[in-house]
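Asks: Sequence below, structure please.
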Amino acid sequence: MSEHIVSRKIYFVVFGALMVGTVLTVAAAQFDFKQFNTLIAMTIAVTKALLVILFFMHVRYGSKLVMLVVAAGFFWLAIMLVLTLSDYRTREWLGRVSPTPHARTATSGATKRPASESTTGH
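Replies: All right, here's what the predicted structure looks like:
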């Protein structure tokens with residue numbers, strides 16, 4: 001089995017694309033895209049991950065079995081993301097809101113404070 005030799009030019013182009021992706025990530029974080037924030041961030045992240053997997057991990061030049069395993073991994077990741085995001089999006093349907101750290105308790109009427117805001121002076 002012979003190895004495929006990738007030129008330095010390809011590595012530098014991919015590195016440049018990853019740097020552009022990083023700049024896009026930082027730029028996208030500066031703006032509010034409403035409900036598209038997650039979609040934009042995930043699109044940039046998946047694109048960068050694909051570049052790393054295809055070129056730096058040499059999957060692009062690998063056998064069909066290697067490509068199948070990588071595709072199965074991405075398919076599984078997609079399933080997990082869809083399930084997680086659907087759970088997150090439907091939580092408000094239940095009408096329950098998670099308590100804030102400073103919520104009052106029903107029994108004592110005192111305000112709960114996180115351990116980091118302790119008044120003991122330590």
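
Asks: nearest spatial neighbour of Arg60, skipping sequence neighbours?
Replies: Among residues not flanking Arg60 along the chain, Leu54 sits closest, at 4.3 Å (CB to CB, 6 or more residues apart in numbering). (Glycine included, C-beta is placed from N, CA and C.)

Asks: Tell me which residue is most central in the protein.
Replies: Nearest residue to the geometric centre of the chain (CA atoms, centre = their mean): Met42, 5.9 Å.

Asks: For that residue, what is the enclosing helix or strand?
Replies: helix 37-51 (DSSP states H and E).

Asks: May I see the buried residues of that helix?
Replies: Within helix 37-51, the residues scored as buried using 16 or more other CB atoms under 10 Å are Ile44, Lys48, Leu51.

Asks: Give me the phi and psi angles of Arg60.
Replies: As for Arg60, its main-chain torsions (degrees, to the nearest 10) stand at phi -60, psi -30.

Asks: picking that back up, quick check, nearest of the buried residues of helix 37-51 to Tyr88?
Replies: Of all those, Ile44 has the smallest distance to Tyr88: 19.5 Å, by CB to CB.

Asks: shouldn't that closest one be in contact with Gly21?
Replies: Yes - using CB atoms under 8 Å, Ile44 makes contact with Gly21 at a distance of 5.6 Å.

Asks: Could you list the low-pLDDT ranges of the chain?
Replies: 1-2, 96-122 (pLDDT under 70).

Asks: what's the longest helix in this structure?
Replies: Longest helix in the chain by number of residues, with DSSP state H as the criterion: helix 64-90.

Asks: Enumerate every residue touching the residue nearest to the centre of the chain.
Replies: By CB atoms under 8 Å, 6 or more residues apart in numbering, the residues touching Met42 are Leu81.
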